[in-house]
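**Q** no sequence for this one, just the structure:
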């Protein structure tokens with residue numbers, strides 16, 4: 001069995017020697033394994049330690065960023081180079097227990113595509129636990145993926161999952177939701193969570209606000225990329241209907257109560273504006289549908305061409 005461990009690192013020099021020893025112990029039962037470190041612009045000596053480690057240990061690999069790009073970029077690059085049949089992600093701060101790797105793999109072998117860790121007994125301060133609970137509750141509610149801890153660093157993936165999802169910005173928080181959108185089978189297991197021994201958390205208080213913005217982006221891209229008229233058409237119907245009703249009232253005042261248009265000019269103008277906006281929303285939705293159809297047709301042609309080439313033996317790796 002081929003296992004890849006993907007590990008983003010940012011200023012974890014004190015944790016790394018302990019982590020490496022724990023990883024070696026946890027991975028010795030697997031026939032083929034690799035650990036891919038992604039140095040996300042460390043400045044505390046972590047880079048030098050990892051360079052020395054990877055030079056002497058063939059199972060350890062290093063991807064070095066020359067500045068901090070964030071966890072999503074680190075995971076994306078790690079996923080790109082990981083060669084394992086199963087890919088395990090974890091954090092480098094020692095709070096994620098490498099002993100859980102075998103449990104994640106065992107769950108994957110049951111037929112699941114993604115297994116997320118659940119820090120049920122989380123050993124973090126209250127000011128981190130409460131926002132996290134709120135974040136997980138809202139994400140679970142709006143995405144329909146029924147797990148308790150979306151942002152746990154410990155996760156196990158089949159290779160098909162990491163090849164199918166795009167991770168950028170802050171989307172690493174929503175990897176289970178992204179996988180669920182693509183109809184992969186997602187579950188979770190309770191994992192051991194340890195108190196931080198060295199250093200400080202790398203995440204500020206703004207991550208909660210940014211996380212909700214990313215959630216809105218993911219929901220929009222999932223639900224309306226292929227059917228934009230469903231979104232813009234809904235706005236168009238509301239706006240057009242409201243404007244139509246307002247104009248009906250104006251006409252009622254004019255022809256049944258004999259009141260001049262000038263008395264309700266503001267209402268008349270507002271109604272016309274809503275009708276025009278409604279028509280514009282419909283137009284945007286229809287243009288979006290044309291673009292989505294063209295894009296889908298292009299993707300189908302590429303896939304058809306790829307399948308033909310593969311069957312004729314013309315695809316080279």
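**A** Now that the structure is in, tell me what you want to look at. Not measured: the values here are computed from a predicted model. Residues are numbered from 1 along each chain as shown.
**Q** now the element after the lowest-mean-pLDDT helix or strand in the chain, going C-ward?
**A** Confidence across the helices and strands of the chain bottoms out at helix 207-224, with a mean of 64, counting by mean pLDDT, DSSP states H and E. Scanning forward in sequence from helix 207-224 by DSSP states H and E, the next helix or strand is helix 228-255.
**Q** following element in sequence after the helix or strand containing residue 74, please.
**A** Assigned by DSSP H and E, residue 74 falls within helix 71-81. Counting by DSSP H and E, the next helix or strand C-terminal to helix 71-81 is strand 86-89.
**Q** and the very next helix or strand once past that next one, what other elements does it pack with?
**A** Sequence order places helix 101-108 as the next helix or strand after strand 86-89, per DSSP H and E. Applying 3 or more Cβ pairs under 8 Å, 6 or more residues apart in numbering; DSSP states H and E, one finds that helix 101-108 contacts strand 2-9, helix 16-27, strand 86-89, strand 114-118, strand 155-158, strand 186-190. (Each C-beta comes from the backbone N, C-alpha and C, glycine too.)
**Q** list the contacts of residue 291.
**A** residue 228 (Cβ atoms under 8 Å, 6 or more residues apart in numbering).
**Q** shouldn't it be within a helix?
**A** Yes - counting by DSSP: H, G, I helix; E, B strand; the rest coil, residue 291 is located in a helix.
**Q** how does the protein divide into domains?
**A** The record assigns the chain these domain ranges, following automatic domain parsing: 2-224, 228-311.
**Q** which of those domains sits most buried?
**A** A comparison of these by mean neighbour count, using mean count of other Cβ atoms under 10 Å, puts domain 2-224 on top with a mean of 18.
**Q** for residue 122, give me phi and psi.
**A** phi -80, psi 130 (degrees, to the nearest 10).
**Q** make that residue 111, sorry
**A** Torsion angles, degrees, to the nearest 10, at residue 111: phi 120, psi 0.
**Q** so it sits against residue 185, correct?
**A** Yes - between residue 111 and residue 185 there is a contact under Cβ atoms under 8 Å: 6.9 Å.
**Q** hang on, the earlier thing: would JSON lines of the helices and strands packed on helix 101-108 with mean pLDDT and distance to residue 72 be doable?
**A** Formatted as JSON lines, the helices and strands packed on helix 101-108 follow (pLDDT from 0 to 100; distance: least, Cβ to Cβ, whole Å):
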{"stretch": "strand 2-9", "mean pLDDT": "95", "distance to residue 72": "9"}
{"stretch": "helix 16-27", "mean pLDDT": "95", "distance to residue 72": "21"}
{"stretch": "strand 86-89", "mean pLDDT": "96", "distance to residue 72": "12"}
{"stretch": "strand 114-118", "mean pLDDT": "95", "distance to residue 72": "16"}
{"stretch": "strand 155-158", "mean pLDDT": "96", "distance to residue 72": "14"}
{"stretch": "strand 186-190", "mean pLDDT": "95", "distance to residue 72": "19"}
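**Q** helix, strand or coil for the residue located most distally from the centre of the chain?
**A** Largest separation from the mean C-alpha position in the chain: residue 258, at 59.7 Å (Cα atoms, centre = their mean). Assigned with three-state DSSP, residue 258 falls in the coil class.
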